[in-house]
Each structure stands twice: as structure tokens, then as C-alpha cells.
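K.L.:
Give the three-dimensional model of this entry:
(chains A and B)
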Amino acid sequence: MEYKDYYKTLGVERTATPEQIKQSYRKLARKYHPDVSKEANAEEKFKAVQEAYEVLKDPEKRATYDEVGSNWQGGQQGAGAHWQRSSGFQGFGDENLSGFSDFFESIFGGGGRGPHAGHGGFRGGAQSFDRRGRDQHAKITISLEEAFRGGNKTIQLEMPEVDARGQVHHKLRTLKITIPAGTVSGQQMRLAKQGLPGTGNGPPGDLYLEIDVQTHPYFTLQGRDVYLTLPLAPWEAALGSKITAPTLGGPVELKISAGSQTGQKLRLKGRGLPGKPHSGDEYVLLQIVTPPAKTESDKALYEKMAKEMPFNPRQSLT
Amino acid sequence: MSSQKEYAIITIESDENFSLEELCEVCHQRPDFIYELIEFGAIEPEGYSVETWRFNSNQLQRIQRILRLQQDLEVNLAGAALAIDLMEKIKELQSEVDILQKHLTKF
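P.N.:
Down below sits the predicted model:
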């Protein structure tokens, strides 16, 4: 087991005052909060910061930690007394599913208040032995095609489970889920009663899966609408043409009217992600691409155009 | 020590919605808190009376986000509601930036 330097995690000196610890925690919590932060491993960092603060904000825990820290040896188990919450109300075994590290558990046992734990829940009162299990949150990534069509997906999640003796083990669970067609990024799915087990006769918590739709090489999503940049040859735009454009549901024929320009937006109604009450649309953004003048005859064609088609693209700037 | 367990879950209701009582149950809150959120305009139920109110999964998600911000960052309800509105706005703008960037840097 690895020793955790909680002072380093919070970026404070070992001599830091409670005020300095609180300040540093607040700053880092804002920076790494998974709901706010766009950093790659925000969640992991946020948990580390929370764990460090859980210990250092509490004078008794901090003292225990300091004592352990001064004679820590790798692989050491159960140093220091198992921590009992002085308020004594959270001793029913579910609190050691805190999501904190083994290092934390080895020193403080099950006394921690885990990340996102019991949001002031009124069901698990101090007197009750029947407590609903905690909700779990996880993120899953799906392709844009999966978001469009929906379908079955098998995912694996590591979830803590409690055995008969109240010990916590991490088990790999395989879940088969059905992604509804028209799922958007950030959307949350609730799998009722698939969270952590309850205690006593308490029901299990729920499992929430937040969907992340992978970026696509040429489609971009905005809500249920899909955007596509469609390259055109100058003659296709100038003379009008019928071309084939990709959509999520397969290629469609698109009529380009004569005199089309770069930046023009065509709407293909209902060709975005399916949904209620309306499906999204696909927006095609036209982009005229200049063919390179590679050969002598290419150059001659451009020169002929320059001579025979007087055209000043900068007219509006004069 | 890890063993495999399989759960086949056949359907997930994508447009799951809740009554006030059900919503309180899933987000572990009292009705008072939900009334407060509605007063702040943080969520808007469908339906004209408390008995017919329906809340959708997007609103549940907003409530959970507000709760996390309140607990983890010690912001008050008004601050949390403002933060999630701004975060949604940022998300929208970010996808617009992505579209424009893709369009501009294609070639």
C-alpha cells in the first residue's frame, strides 16, 4: 500500500493552519470538481483532494495521520487505532464504501464520509438499521453511430461490494445495457437498484451512467442536430449540381442550387439524432474548394477564367 | 479475487419521468427542497398542480448536480443554480466552437 502525502495533495506545508488547509481545499475542489472541470482525470484528482481534506480538516484525524506518517513503512496495515466517529451515527458499515483509498481505510477504517455521500438524505436516519444503498455514478463512451441507432452494449464496471462480514471487495461487474436511439452526450441513464447494496432491509441504491458521445471525423453534434462541412468544386457551386451527402442514416442526394457560396447552410430536416418531440436535423455547411493548378492545362484554364470572367472578390473592401 | 457477475438489463427508459414523491425518493430529498428549487427556477415541472407534476430525467440530473456543487464546493442554492445554467451555456458554446473550428480548419 502506498503512503499518501495529504499535505502534498493539498499543496500546503505540514505546519499549515486549518484556515490555510481550508483555503487550499476550496481552490482545488473548484479546479477539479468533476461537474466543473474539463481536465482529463479531474475525478481522480478531486477524490484525492477530498480524501486529503477529510483527514487534515479534522484535528484528531490529522494528529493520527501525522503520527502514522512519522513511522510509516510500506505494506503496513492497520497502523493506529481504527477511527470511530465521535458523533457515532454512521457506524453501520456502509460508510467504508467511501471511495477513499486503501491507505485511508487502513488508518481510519470506515469512518469517512465519501465523495458525494448521503446528500442530506432523510431516509437513513440515525436510528435506522435499514439504509438504502448508495447511488453509483459512472461514465460510458459510445460512438456517434451508437447514439444514432441505439443498441446493446456490454460494459464492465468495478464496484465495491460488502461480504457477510462487512468487508469491502471490489468486483468486476459486467452489465448489458440497451442504449436508446437518440442518446446525446451528457445524458444520464438510471439503472434502478443497480447501485450499492443497502444495509438491513434497505434497498440497493441506483446506478447512473453518464453518456459521452465520441467525436466523429466529420459529423459534429449540437444537441440532437448534426453539422457537416461539405466540400464542393467551384463549378458544382456556380452551376448547381446534384451531389451525394453523408447523413447518419446513410447517404442522401442533395440538390445544390446554382450560385451557392461557402458558408451557406442547408437543412436536412429530421436527419439528426432521433428524439421526442422532434428528431434533430442535419445542417450541411457548404465549403468551396479551389482545385490546385498542377498542370499547364490547369493553369491555362484559370488564366482563361481570369481573362473572360471579370470578378473582384474584394469589391466589398473598397 | 475479482469474480464476474452478469446482469442483463433489457431496457432503460430514456424519457423516464417522476412524480414529486418518486423524485424525492430517487434524489433522497424532502419535498421542501424541490419546492425551493422550483422557486429558484432551477427546475420546472410539467403539470399545473403538485399532484400532476412530472419531472424528467434531465431535471433529476440538474438536481444531482446542484447537490454535488452545494456539498463539495459549499455554494448556496442560488450559486449552484447559476453555476449549472452557466455550465450548460458553456457546453452549448463549446459545441458551436467545435463546429466552426472543424469548418475552418478542414483544408
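
K.L.:
Tell me who's in contact with A:L268.
P.N.:
A:245, A:247, A:252, A:254, A:281-284 (CB atoms under 8 Å, 6 or more residues apart in numbering or on different chains). (Each C-beta comes from the backbone N, C-alpha and C, glycine too.)

K.L.:
of the residues you listed, closest to chain B?
P.N.:
A:Y283 (8.6 Å; CB to the nearest CB).

K.L.:
Would you confirm that the closest one contacts A:Y227?
P.N.:
Yes: in this structure, A:Y283 is within contact of A:Y227 by CB atoms under 8 Å, at 5.0 Å.

K.L.:
Tell me which of those two has more neighbours.
P.N.:
A:Y227 (23 against 20; other CB atoms under 10 Å in any protein chain shown).

K.L.:
all helices for the chain, in order.
P.N.:
Picked chain A for this. A:6-10, A:18-32, A:42-56, A:59-70, A:102-108, A:144-149, A:234-239, A:296-308 (DSSP state H).

K.L.:
oops, I was thinking of chain B
P.N.:
Using DSSP H, helices in chain B cover B:20-27, B:31-39, B:57-73, B:77-104.

K.L.:
now the ones you listed in TSV, with mean pLDDT?
P.N.:
What follows is these, written out as TSV (pLDDT from 0 to 100):
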stretch	mean pLDDT
helix B:20-27	93
helix B:31-39	94
helix B:57-73	92
helix B:77-104	90
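
K.L.:
Could you dump these into JSON lines and include mean neighbour count and distance to A:T15?
P.N.:
Listed next are the helices of chain B as JSON lines, based on neighbours: other CB atoms under 10 Å in any protein chain shown; distance: least, CB to CB, whole Å:
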{"stretch": "helix B:20-27", "mean neighbour count": "18", "distance to A:T15": "41"}
{"stretch": "helix B:31-39", "mean neighbour count": "15", "distance to A:T15": "41"}
{"stretch": "helix B:57-73", "mean neighbour count": "20", "distance to A:T15": "26"}
{"stretch": "helix B:77-104", "mean neighbour count": "15", "distance to A:T15": "32"}
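
K.L.:
Now distance to chain A too, for those, in CSV please.
P.N.:
Output for those, formatted as CSV (distance: least, CB to the nearest CB, whole Å):
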stretch, distance to chain A
helix B:20-27, 7
helix B:31-39, 8
helix B:57-73, 4
helix B:77-104, 5
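
K.L.:
from the middle of its chain, how far away would stretch A:296-316 be?
P.N.:
51 Å (CA atoms, centre = their mean, to the nearest Å).

K.L.:
er, stretch A:26-44 actually
P.N.:
11 Å.

K.L.:
And the residue lying closest to A:G280 once chain neighbours are set aside, how close does it get to A:F148?
P.N.:
Of all residues not flanking A:G280 in the chain, A:G272 sits nearest, at 2.4 Å (CB to CB, 6 or more residues apart in numbering or on different chains). A:G272 sits 9 Å away from A:F148, going by CB to CB, to the nearest Å.

K.L.:
which residues are in contact with both of the two?
P.N.:
A:L248.

K.L.:
Look up the residues forming beta bridges with A:I179.
P.N.:
Counting by DSSP bridges, A:I179 is bridged to A:G151.

K.L.:
thinking it is in contact with A:G151, fair?
P.N.:
Yes: the pair A:I179 and A:G151 qualifies as a contact (CB under 8 Å) at a distance of 5.9 Å.

K.L.:
any idea how far A:R134 is from A:A29?
P.N.:
Applying CB to CB to A:A29 and A:R134 gives a distance of 20 Å.

K.L.:
Okay, the nearest residue to A:I21 once chain neighbours are set aside and A:S24: tell me how far apart.
P.N.:
Leaving aside its chain neighbours, A:I21 sits nearest to A:L56 (5.0 Å; criterion: CB to CB, 6+ apart). Computed as CB to CB, the A:L56 to A:S24 distance reads 9 Å.

K.L.:
Tell me how far stretch B:31-43 lies from the chain's centre.
P.N.:
With CA atoms, centre = their mean, you get 13 Å for stretch B:31-43.
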